[in-house]
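Engineer: quick one, structure for this:
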Amino acid sequence: MRTLPCLLLLVAGILYAEDPLTVPQTPPIVYPQPVGQCFILRIDSRRYELDNLFKDPVARLLGSANYVQTKALYDALKRVIAERAPIEGAVTRAQALVNLYTTKVEKSRANIDSLKQLRNTYRSSDKVDLQELLRMDSAITNETLNLTRYEDLEEKAQFKLVETQKAVAPYNEKVQLAQDKYIAALKDYERTLGDIRTIAIANGKAL
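Structural biologist: Take a look at the predicted model:
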């Protein structure tokens with residue numbers, strides 16, 4: 001029973017481990033020059049002077065670059081991640097509770113082993129006091145009761161963890177879908193920016 005939540009948490013951890021996604025870069029800006037046969041293109045926080053021959057190709061690329069939709073998909077992704085956050089918090093708290101009782105169970109078992117070893121050592125000694133032996137037996141009995149209680153609490157905590165993992169699953173799917181849409185749009189957008197950047201670097205004069 002104990003390994004099941006751990007496996008579920010591992011799966012969830014993989015889903016949660018998407019790389020932090022940054023907001024899409026703002027579109028390049030074209031500044032027409034009032035005099036001369038050139039224009040200024042600003043991209044990557046740099047400015048390039050380009051011949052007007054490249055104005056139409058750059059304009060077409062700017063027209064095909066869908067910054068507004070890409071930014072909207074980014075905002076949508078951030079919203080669904082925010083919606084998932086409270087459920088993730090519940091998963092974290094449930095896992096912490098499992099860890100707490102697992103530690104108590106392990107400590108209690110270790111205590112029982114230690115008490116039994118101590119009793120065995122005492123019984124093999126030359127002088128054995130019956131009252132001391134009864135006290136040791138009582139300590140073992142009490143610790144065994146503690147172990148039973150901790151195991152029960154651990155099992156309940158594990159069940160709660162499984163339930164919270166089930167609750168977060170639909171949110172994971174929503175995040176994954178929103179992320180896939182955003183990444184696809186971002187790749188197209190950045191590909192267009194790359195084409196504009198190539199024109200600027202290959203044919204422009206850096207200012």
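Engineer: the longest helix anywhere in the chain packs against which elements?
Structural biologist: Secondary structure of the chain per DSSP state H: the longest helix is helix 130-203. Contacts defined by 3 or more CB pairs under 8 Å, 6 or more residues apart in numbering; DSSP states H and E place helix 130-203 against helix 3-16, strand 38-43, strand 46-51, helix 55-64, helix 67-123. C-beta coordinates here come from the backbone N, C-alpha and C atoms, glycine included.
Engineer: can I get the ones you listed in JSON lines including mean pLDDT, mean neighbour count and distance to residue 198?
Structural biologist: Formatted as JSON lines, the helices and strands packed on helix 130-203 follow (pLDDT from 0 to 100; neighbours: other CB atoms under 10 Å; distance: least, CB to CB, whole Å):
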{"stretch": "helix 3-16", "mean pLDDT": "41", "mean neighbour count": "14", "distance to residue 198": "36"}
{"stretch": "strand 38-43", "mean pLDDT": "95", "mean neighbour count": "19", "distance to residue 198": "10"}
{"stretch": "strand 46-51", "mean pLDDT": "94", "mean neighbour count": "17", "distance to residue 198": "11"}
{"stretch": "helix 55-64", "mean pLDDT": "94", "mean neighbour count": "14", "distance to residue 198": "10"}
{"stretch": "helix 67-123", "mean pLDDT": "95", "mean neighbour count": "15", "distance to residue 198": "18"}
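Engineer: how about these in a markdown table, adding distance to residue 146?
Structural biologist: Shown next, in a markdown table, are the helices and strands packed on helix 130-203 (distance: least, CB to CB, whole Å):
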| stretch | distance to residue 146 |
| --- | --- |
| helix 3-16 | 22 |
| strand 38-43 | 68 |
| strand 46-51 | 68 |
| helix 55-64 | 69 |
| helix 67-123 | 5 |
